[in-house]
Every structure is written in structure tokens, then in C-alpha cells.
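>>> I would like to see how this sequence folds:
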Amino acid sequence: MGCQESKEEDDTPKPQPQDPPIETSEEEDHVGHVPDDADDPEDTGDINDADEEIVISRQHRILFSLEAAPDDLEFRPDRVSKGAIHAPTRYEGRTFPLEAPGEDLELSFVHGYRGKDCRVNAHFLASGEVVYHIAALGIVVSPAGRAQRYYRGHNDDILCLAVHPDGTLVATGEIGRDPPILVWDTLSMQTEMEFRGQHSHGVAALAFSPDGALLVSAGLDDQHRIVVWSTKQRAALCSINGSRSKLLAFAFSSPREFVAIGVRAIEFCRFEGSTIVKRRGIFGQRGTYQTLPCAAYLPNGLLITGTQRGDLYLWRNRKLVGVRPDAHKGRVTALAVLPDRSLLSAGADGALVHWALRPRLTRIGSVQLPSEFAGAPKALEERGGQLLVGTACNILGTVALGSDASSLLGRAEVLTAGHCDEVWGLATHPRLPIALTAADDATLRMWDLSQQLQVATTPLSGPARAVAISPDTKWVAVGTQEGKIEIFDFASLTRRQIIQNRTRAIAVLRFNPASTRLAAGTHESEVDIIDVGSFARVGVLRGHSSFVNHLDWSADGRYLQTNCGAYEILFWDAQQCEQITASSTLRDTEWATWTCKIGWPVQGIWPKFSDGSDINALDVSPDRRLLVLGDDSRRVGLMSFPCLDPQSEKKYARGHSEHVTSAAFTADGRTVLSTGGLDASVLVWHVTEPEAL
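Numbers count the residues shown, from 1 in each chain. All right, here's what the predicted structure looks like:
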């Protein structure tokens, strides 16, 4: 499936601009009709979180009371309806400490790269390492050992990245109402400069001048404003309205001259004193006014741009002077000038084309990128015979170039790979360091956590929201948004069967401890019980008033507990497929897992002023000492289990830039995985040992 762009606008108040008024000037030549609204198929669009309706329960439903006084409308899980939940007998009379656990979460690996809606955002550093970004993290990785280091100065999605000419400093731009541009050192991983107050909505593109004295940025505001910043004065020097449509990238021709290209836009800019002089490119009769996804200045001073239709355009000054039609089948997505003064172009067709520049633009040869690099290249850079490639399917890696750059030597080395759409499904192996994820990009992926590698990818019939591994590790079940349950062999990830009893999404799946039954929570407010073997539905649990999003089996496989979008907790006889309204009879039941976010041992997980939807997922460690959760504040939380008091201390780890949709322990309890929903990342956390007293 195609990668869809997603973001969440920051809701923090926008501070007043900190810089003094900036003088601007503009000189434009209008060539032909400029459309008022130019949409790039890869352009970023705003989304709004769907409001979830709270449905009042009917008689016999067991739920947390939502009643509150008018001056106290927060969700309070401690206000439980009489008889809803009960402390296990062994806990009666006991007290539990409010202190946070001695363990902590330490980020150990990040799977994913943001290429789906970004470009020119992966580069070699002077150290030979590679820098790129995903979610709210700037990442530096060594190609030799794939060891990662993390810059954590951002709080929201990073949208763009540029490297200073010294090969050490990096600038990254964020999304948000008053988005910061942070310049940081890739050796110390510390912030060196912060620029803000000039953009709104987000920062779409960044570039340093060849001497490193200037940093130029483009915003996501309606005017797509261009700002020039001084790295010496650490302040904005000037700004100007950039374009009527989104700007995608910059390229410098000299320390004071640059071009901005984008969605049906090309603007030639010159920095003079305290102003920017901007002149629009002239297409004339040679070319077609269209989106320009990439640009590069050639050694002879000409500018070359790739086009949405697959052509290469050559520009002198600001005039189109040459066209190389049909350079690629589909849009040209990336360009790289090589040390021998030749050119590489990459396109949506997955081809690398090698071009000679003299006496004219001549095709030398072409080669298809290795299969490891799925998706159109969005970042392309050569260093020492190694080609760095980042793709629209969020894959980043290197491949060796041949002697004429038209052939590739050796196999591809993937530095990181990830989903390219929203991720919700997460399951960990019951014994081994292996995990599975399923996402809206209609793929099922297997991760070897001992090597931190994506080792298998299997296409699904559609976007997926849930995945489960049977305890005997024979089966994998995946739930899709179209109501299908796809069954795979675990060992080969070969699809064996597709079950369709529903037309709406399957939100949660879980096998019973004996691997003989599969429970499926649906967006039709019911739970299906599936026989493992025949994979026929043998029962339906009816009683919830909203979509079923969490469930757990008892250790003996006799009972189920379920939560739904109306914050109900219901209990079931899974063999008779009947609701158990006398919940006290199950107070001493041992549960095989605990992932329900409403129940006796998790009453204290909710933050103050919670509305009940803040926490998306939780899991309990195998030794039942720790609880991990993912919330809407982009945090992965760690706390002691059980967690009964809202005042219980919690430890939070950050790295995601979107709602954390899933979190789970591995079998040994020493590793936690989390998925970032719309940021499409999978983060791996090490559970540190408590400090010795």
C-alpha cells in the first residue's frame, strides 16, 4: 500500500516571535498561470483526533462510573460502580508502596526511517557515520556495526534535516504551531543552537550555505515562508513569502544564492544585506509547469531538477535551458552529483540512472535498486564508493557502486527498516527475542531482537490493527480493518486461512494458554471465539456497548475479561460464551496476561485530568513486578505492578512523536517494545537493573 502522510499539530500556545521585525523585498516574474491551490500527492496534511463517545452502560454491565460533579469532569477510575472489581483475597489488608520501580527504560534501538513524506534527510557525516530521523529522534548510526546514538531535543515529529559543511553539526526542523529548528552536535548529541518564532505549522525544508554561515528554512504556513538564519549571530536575518504551495527542498549555488523548489514552484533567491531577492523560474516553451521534487547544482554551475513527470530540467540562472524527457518512468525523486562530476538520478520506477554531463546530458547506463530498497528513493548520497539510499517505504541502507556507477557491487546493507503507515499491532514471542508487528501499510513484519533486524515481511489483505502469536508458537493471527482474521504459520509466515465473520475492524486478538481458542475483539462491540484447528467461529460474546479493545484469558483458559471503548469491564465464561455478572466469583482468578487498562490492579495508571482515552495499551512483565504502558502524550510509562493509587510514582521515556499505540514486554522481561502509531516507528527499550543501595 502507498505510504500516507500523517501528523498531529502541536496544541501548545504559540509564543510571540522573539526576533525583531525583518525587512523583506521581493522581485517576481510571473510566467503563465499560477494555480491558487497546488497539492502535492506527498504533501503533509493535518488530521484531527476522532472524539470517542462515552456510552452509558446498561443493567448488569460492569464498568467504571463516569458520574462526576460539574466541577470535576475528569475520568476517575477509582470511582468504581459497586461490585465491579474486587481485590484478590491474597491482597486483602495489604498496602503497596507509591514509589516508582528501581528499574528504568533505556532506548536501545529504533526501527524505522521517515522517508514516506520527507526527502534529502539522510546523510554521511565527517565521521563516516550516517544521520537521519524518525519520530522525534535524530539518529546517528555506524554503518559498520549499526550501533545507534540518539538526539532527543525535539518533542514532536521531525520533518527535515540538513548537515553543516563541517560534517558534524546537524539542523532538524519540527512540526507544530511554533516549531523549533535545532542545531546539534553529532559527537556530543547536545543542542548548540535553537531557532524559532518565524514559522508556524512546521518546518518543511532546511539547508546550510556552502560556508556554513547561513541556514535557510521553509515553513508549512500558508505563505510557505522562507527564512535566512545566521549561525554566527544565532538569529534570523530576513524572511520572505516563499510560494503559494509547499516547498520541498533547497539547493545552494554560492554562499549567498540558493533555489527553492516544490509543488509547482521554483524560486531563485539571493541574500543581499538584510533582504532576500526572490525571482521565479522561467519555464518558457521548453518545459511544463509542474512539481519539482529534487534539485542539485552541477559542477558547471547549471541547476538540474527532477520533475513529477519523470523528466530532468536544466537551468541557467533562472531560465530553463534544457530538457531530458523520460529520464524515469514516473517522478524523479532524488539526485546525487558524484566525485567524477557525473550524476545519479533515482525515480519512482526504482531505477538508478547514471548521466554524463559533457558535452551534453547523456545517459551512461541504469540499474534497478536491490529488492531490499522497496519504494522510491527520497535520499541519495555517495561517499567513498558507498551509496546511501533512503526510500519512501521507510528503508535506509547502503550499497556499493560499481566502477561506472551504473552497476552495484555487493549486497545491500540495510541500516534500518520500518513500516510506512500507522502501527497498532504488536506481539512478542512467548520464549524467544522475536516480535511481530502489523500496520495500516498492510504488512506483517517479524523482528529479531537479538540482532535488531527485520527478518521477514509478509503482505496482508488490507490495513491491520491487531496481531497475536499462539503460546505453542504454531500460529499467527492478524486482524484487519475490514474485519478479517488472517492465519499464518509462525515458522514461515505463510498464510493458511482468512476468516471473515465481521465487516468492521478487529481491534484485539489473543490465543488462550492452550492454543486451542482464539478470542477476537471487534468494532462491532462483540468478541468472537474461534476454534484453533478448524478456525471456525464457535461462539460470540455479546454485551459491550462499544468496540472491544482489550482482553485477557485466565490461566486455565476458562474465563475472559474484556474492556471496550465505553470503559466497561466485563467477565465471561469462555466455554459457555456467557457473561458472568457476579464478578466477585472471579476475584482470585489467575490471568494468563494482563493487558486490560480497566481492572483492579491498574486503577492507579491514569494521569490526572484523564478522560479515559489517554492510555492506549499496557502489559505486565512475566514476573508480575512491572507494568509498561503507552499513552497519548507520546510516552512509554514504567511503574510497579499492581498500580492501585493515582499518586503512584511513574517513570516515563520519550522518543515517539505520536500516540504510543502498543507496548509489550519480551519473554525475559528485560526488553520492552513500543509502537508509535502515526510515526510508524518501533522502539526497543532495555529494562535496566535497579541501582544498588
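
>>> partner residues bridging the nearest residue to residue 683 once chain neighbours are set aside?
Spatial nearest neighbour of residue 683, excluding adjacent residues (Cβ to Cβ, 6 or more residues apart in numbering): residue 674 at 4.9 Å. Just so you know, the C-beta spots here come from the backbone N, C-alpha and C atoms, and that holds for glycine as well. Beta-bridge partners recorded for residue 674 (DSSP bridges): residue 663, residue 683.

>>> hang on, residue 674 packs against residue 660?
Yes: look at residue 674 against residue 660 with Cβ atoms under 8 Å: they come within range, at 5.4 Å.

>>> Need the residues touching each of the two.
Counting by Cβ atoms under 8 Å, 6 or more residues apart in numbering, the shared contacts of residue 674 and residue 660 are 630, 636.

>>> who's in contact with residue 463?
1, 421, 422, 439, 440, 441, 442, 480, 481, 482 are the contacts of residue 463 under Cβ under 8 Å, 6+ apart.

>>> at 10 Å what do you get?
Residues in contact with residue 463 (Cβ atoms under 10 Å, 6 or more residues apart in numbering) are 1, 421-422, 424, 438-443, 480-482, 505.

>>> top of the residues you listed by neighbour count?
If you count neighbours using other Cβ atoms under 10 Å, the busiest of the contacts of residue 463 is residue 438, which has 32 neighbours.

>>> Give me the spatial nearest neighbour of residue 267, chain neighbours excluded.
Counting by Cβ to Cβ, 6+ apart, residue 267 lies nearest to residue 260, which is 4.6 Å off, once chain neighbours are set aside.

>>> so that neighbour touches residue 228, yeah?
No: look at residue 260 against residue 228 with Cβ atoms under 10 Å: they stay out of range, at 11.4 Å.

>>> Give me the more crowded residue out of those two.
Legend: neighbour count by other Cβ under 10 Å for residue 260 and residue 228, higher for residue 260 (26 against 23).

>>> residues touching that one, list them.
Contacts of residue 260 by Cβ under 10 Å, 6+ apart are 205, 207, 216, 218, 224, 226, 242-243, 247-251, 266-269, 278, 281, 292, 295.

>>> wait, residue 376 sits on residue 329?
No: with contact defined as Cβ under 10 Å, residue 376 does not count as touching residue 329 (11.2 Å).

>>> anything in contact with each of these two?
Residues touching both residue 376 and residue 329 by Cβ under 10 Å, 6+ apart: 347, 348, 349, 350.

>>> Just the residues you listed: which are in strands?
Among the shared contacts of residue 376 and residue 329, the members found in strands (DSSP state E) are residue 347.

>>> Just the closest of the shared contacts of residue 376 and residue 329 to residue 526, please.
Distance to residue 526, by Cβ to Cβ, is smallest for residue 348 among the shared contacts of residue 376 and residue 329, at 42.7 Å.

>>> How about the closest one, nearest residue that isn't a chain neighbour?
Leaving aside its sequence neighbours, residue 348 sits nearest to residue 330 (Cβ to Cβ, 6+ apart; 3.5 Å).

>>> what's around the one you found, how many residues?
Residues lying near residue 330 (other Cβ under 10 Å) number 14.

>>> follow-up on the earlier one: so between residue 376 and residue 329, which is more surrounded?
Just comparing residue 376 and residue 329: by other Cβ under 10 Å the higher neighbour count belongs to residue 376, 25 against 11.

>>> From residue 458, how far off is the more buried one?
Distance, residue 376 to residue 458, by Cβ to Cβ, to the nearest Å: 22 Å.
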